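have a look; sequence and predicted model below, questions after that.
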Amino acid sequence: AQSVTQPDIHITVSEGASLELRCNYSYGATPYLFWYVQSPGQGLQLLLKYFSGDTLVQGIKGFEAEFKRSQSSFNLRKPSVHWSDAAEYFCAVERSGGGADGLTFGKGTHLIIQP
Amino acid sequence: DAGVIQSPRHEVTEMGQEVTLRCKPISGHNSLFWYRQTMMRGLELLIYFNNNVPIDDSGMPEDRFSAKMPNASFSTLKIQPSEPRDSAVYFCASSRMGTVLFFGSGTQLSVL
């Protein structure tokens, strides 16, 4: 079965500093991978997705992620964080490639921004 | 475009009562998903529908939980009877089959 691991429960970053959130997946075939963000009291918003092709994908709000098959990773990065980036970040993998079987989510990483 | 609409936003009820959560997916989307979010277990897929047909309900915790999708624009998740351990945020999400999931704002359920 697919699984997603986000090793960091909390991460604290100073405003203006760079950010990298880690995500590792377990999946037998080529995965469909996603990063979502959740602000307090809100639903999940898609930041970016990887289906195939270029392994470096660009998303909204200045985020990017790189798919590395050899490391089974899909880490999220941002060169300079803003206070408004404080939120919960979820990595997810589609349950079956190409289908509509929903997503399996990691436990999330809580991002704290220091002034 | 209106997003996925869930109601109510908050529900407080007493143990043993019936609870009904509602979801209106995005028009044109043919897949609908119900997720539950708790601190301990994170986001869990409860059930999903394709073209109004339930496909996989293996994530539904117990027979106390049931979900229906009578038409393409409406779905319900019912808990009867409710228990304190059902307290969680319940999310509905929809998609065109095989593409990105769009989430509603969730229903915060508290069972006392």
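Received, thanks. The structure displayed is predicted, hence computed values, not measured ones.

what count of nearby residues applies to residue 50?
Just so you know, I chose chain A. Residue A:50: 21 surrounding residues under other Cβ atoms under 10 Å in any protein chain shown. The way it works is simple: take the backbone N, C-alpha and C, and place the C-beta from them, glycine included.

correction: the question concerned chain B.
Counted by other Cβ under 10 Å, the residues lying close to residue B:50 total 17.

just for chain B, where's the confidence low?
Residue ranges of chain B with pLDDT under 70: B:1, B:98.

what strand or helix carries the residue nearest the centre of chain A?
With distances taken as Cα atoms, centre = their mean, residue A:35 lies nearest the centre of chain A, 3.3 Å away. Using DSSP states H and E, residue A:35 falls within strand A:33-38.

what residues does that strand touch?
Contacts to strand A:33-38, defined as Cβ atoms under 8 Å, 6 or more residues apart in numbering or on different chains, come from residues A:21, A:23, A:25, A:44-50, A:59, A:61, A:63, A:65, A:67, A:74, A:76, A:87-94, A:103, A:105, A:108, B:100, B:103.

now stretch A:70-82
So stretch A:70-82 is in contact with A:13, A:15-27, A:33, A:35, A:47-48, A:50, A:61-68, A:85, A:89, A:91, A:111, A:113, going by Cβ under 8 Å, 6+ apart.

any quick PyMOL command for the buried ones out of those?
Filtering those down to the buried ones (16 or more other Cβ atoms under 10 Å in any protein chain shown) takes a single PyMOL command:
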select buried, chain A and resi 13+19+21+22+23+24+25+27+33+35+47+48+50+63+64+65+66+67+85+89+91+111+113
